[in-house]
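Asks: Here is a sequence with its predicted model. Questions after.
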Amino acid sequence: MSDWNIRTKLVHEGTRRSQYGEMAEALYLTQGFAYPDAEAAEQRFIKAGDDEFIYARYGNPTTRMFEERIAALEGTEDAFATASGMAAVNGALVSMLRAGDHVVSARALFGSCLYILEEVLTRYGVKVTFVDGADLDQWRAAVTPGTKAVFFESMSNPTLELVDIKSVSAIAHARGALVIVDNVFATPIFSKAVSQGADVVIYSSTKHIDGQGKALGGVICGTKEFVRKVAEPYLKHTGAAISPFNAWLHLQGMVTLDLRCRAMADAALKVATALEAEPKVTKVIYPGLASHPQHQLAMAQMGTGGTLVTFEVAGGKEAAFRFMNALEIAKISNNLGDAKSIATHPATTTHQRLPQEQKDKLGITPGLIRFSVGLEDAGDLIADLKQGLAKA
Ligand SMILES: *Cc1c(COP(=O)(O)O)cnc(C)c1O
C-alpha cells in the first residue's frame, strides 16, 4: 500500500490495468475465468495468486480494485465487498460468532442492523446485550471477559449520537473483545475508526461512496486474518458477493468521495446554523453545532459534524408532513449521502417498526426530520427549508 494522501489514494489506489493500458478502471462483467490449461485450473484451486480469479462469487478484478481502494482509504490490510451494507454487517457478525458467544451492542441502530442482532444472532444461540452507546459506564458493565465482540454505529441514525470509538475500543480490548464499527453515517472521510481502535469497519457503499443513489453495495474492512480467514469463507459460500457492475460504480464514486463529503459537511453546518434560528424548529441535532451534547467528541473524533442534520418541527407529524410536502429541492426518500438532498420522516418510515416506547427512548418524535444534505448550493437549500417551514 502506498503512503499517498487520501485524495491521491481515492483516485489511483487499487487500479489494475489490462494489457491495453486503459485509463479508466475496466469493468470485468464476467462470472468466471478461463484457465490456460487443466493444470493451471488445478493450481488455482490449490492457491490463487494475487491476479488470479476463480469465480465472481469469490472475487473479480473490478471488485478487487474497489476492495483495495477502500482498504487503502480505511488503512486496513484488506477488505471484502458485499452486495449491500446489510450483507456486510451480517457477514462480519455471523462469520465470527457461534452459539454461546456474547455480543454487546449499542441500542441506537439502523433497523436492519437491529434485526440481525435481536432476531438472527439470538436465534442461533448468541447472547446479545444492548447498551446506551454514549454511556461508557454501561459499556464497562456489559462487556465481560467472555464477550466476543462489540458492535455500534459510530454516529447513530437518526439522532446523530456518537459513540466514543477510542474509549469503547479500550474497554473491549481490555476484555479481549473484537470491535466492529458500522461507520456509514460518519463516512470513511471523517471517521478514522481503525486508527481510533476499531478492528473491523463496515460500510454501506450505497450511501456516500456511491454518492448518487445508483447502486447497492457494502464492504468489510479489517486485518487479512479477519477478512480472508474469518469473513471470506462465509461470504463466498453464502453468496454475499457484490455485482462487478456495482463495484465499478462505487470505485468511480470513491474518486470524488473526499470532495463531496467535505462540500456536504460544509453545507450541513450552514443548514444546521440556519435551522437553529427558525422559530418553528424546536430542536436541531447536528454534532458540528456547539449546542450538540457531544460537540467536543465530534470535533475530536471526526473534525466535523458530518453530512446529516436532524431537527424537530413544532406541531408533530402533521406539521412535519406539511413541511416535507412543501419542499421544492429536497426529495422525500430514505437514502442518505446522495448528491440530492433528502428529507426523511423516521417515525413513519425507517423506524416505523419500532414500538412507541423504543421510539421515545431513541428520541424519534413525531416532528423529527432527518435531512441528508446534498451537493446543491447551501443558500438554495436554506431558502427551500425556510419556505417549507413557513407552510408547516
Ligand atoms: C444504509 C445503512 C446500512 C445498510 O446498507 P444497505 O446498503 O442499505 O444494505 C447499514 N447501516 C447503516 C448505518 C446504514 O445507514
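Replies: Cool, got the structure. Since the model is a prediction, treat every value here as computed from it, not as a measurement.
Asks: So what's the residue count around the residue in the stretch 51-200 of the chain that the ligand sits nearest to?
Replies: With C-beta to the nearest ligand atom, the shortest gap between the stretch 51-200 of the chain and the ligand falls at G85, namely 2.3 Å. (Glycine included, C-beta is placed from N, CA and C.) Applying other C-beta atoms under 10 Å, we find 24 residues neighbouring G85.
Asks: Could you do P279 as well?
Replies: Based on other C-beta under 10 Å, the number of other residues close to P279 is 7.
Asks: Next, the buried residues of the longest helix along the chain.
Replies: When the chain is parsed with DSSP state H, its longest helix is helix 257-276. Using 16 or more other C-beta atoms under 10 Å as the test for burial, helix 257-276 gives 257-258, 260-261, 263-265, 267-275.
Asks: and what of stretch 199-211?
Replies: Buried residues in stretch 199-211, counted by 16+ other C-beta under 10 Å: 199-211.
Asks: got it, and stretch 347-364?
Replies: Quick answer for stretch 347-364 (16+ other C-beta under 10 Å): A347, T350, H351, L354, K359, L362, G363, I364.
Asks: Who does the residue of the stretch 201-350 of the chain found nearest the ligand form a beta bridge with?
Replies: At 2.9 Å from the ligand, S204 is the closest residue in the stretch 201-350 of the chain, using C-beta to the nearest ligand atom. S204 has the following beta-bridge partners by DSSP bridges: G218.
Asks: For it, list the residues it contacts.
Replies: S204 makes contact with S84, G85, M86, A88, V184, L216, G217, G218 under the criterion C-beta atoms under 8 Å, 6 or more residues apart in numbering.
Asks: same check, this time on T273
Replies: L289.
Asks: List phi and psi for I220.
Replies: Torsion angles at I220 (phi, psi; degrees, to the nearest 10) stand at phi -110, psi 120.
Asks: picking that back up, let's have the contacts of S204 in CSV, adding secondary structure, distance to E74 and pLDDT.
Replies: Output for those, formatted as CSV (DSSP: H, G, I helix; E, B strand; the rest coil; distance: C-beta to C-beta, whole Å; pLDDT from 0 to 100):
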residue, secondary structure, distance to E74, pLDDT
S84, coil, 18, 98
G85, helix, 15, 98
M86, helix, 19, 98
A88, helix, 13, 98
V184, coil, 13, 97
L216, coil, 20, 98
G217, coil, 15, 98
G218, strand, 13, 98
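Asks: Which members of those residues are the farthest-apart pair?
Replies: For the contacts of S204, the farthest-apart pair by C-beta to C-beta is V184 and L216; their separation is 12.8 Å.
Asks: check contacts around L336.
Replies: F185, K207, H208, T307, L308, I342, T344, R370, S372.
Asks: And for the fifth one, the neighbour number?
Replies: The number of residues packed near L308 is 28, by other C-beta under 10 Å.
Asks: give the contact list for it.
Replies: By C-beta under 8 Å, 6+ apart, the neighbours of L308 are P158, L160, F185, A268, L336, R370, F371, S372, V373.
Asks: Give me the distance between it and P287.
Replies: As judged by C-beta to C-beta, to the nearest Å, L308 and P287 stand 9 Å apart.
Asks: Overlap of the contact sets of the two?
Replies: Listed contacts common to L308 and P287 are L160; contacts here mean C-beta under 8 Å, 6+ apart.
Asks: and the helix or strand that contains A72, average pLDDT?
Replies: Element membership for A72 (DSSP states H and E) is helix 61-74. Averaging pLDDT along helix 61-74 yields 97.
Asks: what packs against that helix?
Replies: On a contact count with 3 or more C-beta pairs under 8 Å, 6 or more residues apart in numbering; DSSP states H and E, helix 61-74 meets helix 6-12, strand 78-82, helix 187-190, strand 218-222, helix 244-255.
Asks: what's the most buried one of those?
Replies: strand 218-222 (a mean of 29; mean count of other C-beta atoms under 10 Å).
Asks: what's the average pLDDT for the helix or strand just after it?
Replies: Under the assignment DSSP H and E, the closest C-terminal helix or strand after strand 218-222 is helix 224. Model confidence over helix 224, given as mean pLDDT, is 98.
Asks: next one: stretch 242-258
Replies: Stretch 242-258 shows a mean pLDDT of 98.
Asks: Pull the residues that contact it.
Replies: In contact with stretch 242-258 (C-beta under 8 Å, 6+ apart) are residues 6-7, 10-11, 14, 25, 27-30, 56, 60, 62-63, 65-66, 69-70, 73, 81-83, 187-189, 205, 208-212, 214-218.
Asks: same thing but 6 Å
Replies: If you take C-beta atoms under 6 Å, 6 or more residues apart in numbering as the criterion, stretch 242-258 is touched by 6-7, 10-11, 25, 27-29, 60, 62-63, 65-66, 69, 81-83, 189, 205, 209-211, 214-215, 217.
Asks: try stretch 9-21
Replies: By C-beta under 6 Å, 6+ apart, the list of residues contacting stretch 9-21 reads E25, A26, P61, M65, E68, R69, A72, L73, M254, V255, L257, D258.
Asks: hang on, the earlier thing: mind checking which of the contacts of L308 land in helices?
Replies: A268.
Asks: okay if I get the contacts of L308 as JSON lines plus distance to F152 and pLDDT?
Replies: Output for the contacts of L308, formatted as JSON lines (distance: C-beta to C-beta, whole Å; pLDDT from 0 to 100):
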{"residue": "P158", "distance to F152": "16", "pLDDT": "93"}
{"residue": "L160", "distance to F152": "14", "pLDDT": "96"}
{"residue": "F185", "distance to F152": "11", "pLDDT": "96"}
{"residue": "A268", "distance to F152": "22", "pLDDT": "98"}
{"residue": "L336", "distance to F152": "18", "pLDDT": "97"}
{"residue": "R370", "distance to F152": "19", "pLDDT": "98"}
{"residue": "F371", "distance to F152": "23", "pLDDT": "98"}
{"residue": "S372", "distance to F152": "21", "pLDDT": "98"}
{"residue": "V373", "distance to F152": "24", "pLDDT": "98"}
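Asks: Any chance of CSV for the contacts of L308, columns distance to the ligand?
Replies: Formatted as CSV, those follow (distance: C-beta to the nearest ligand atom, whole Å):
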residue, distance to the ligand
P158, 10
L160, 11
F185, 6
A268, 16
L336, 6
R370, 10
F371, 14
S372, 10
V373, 15
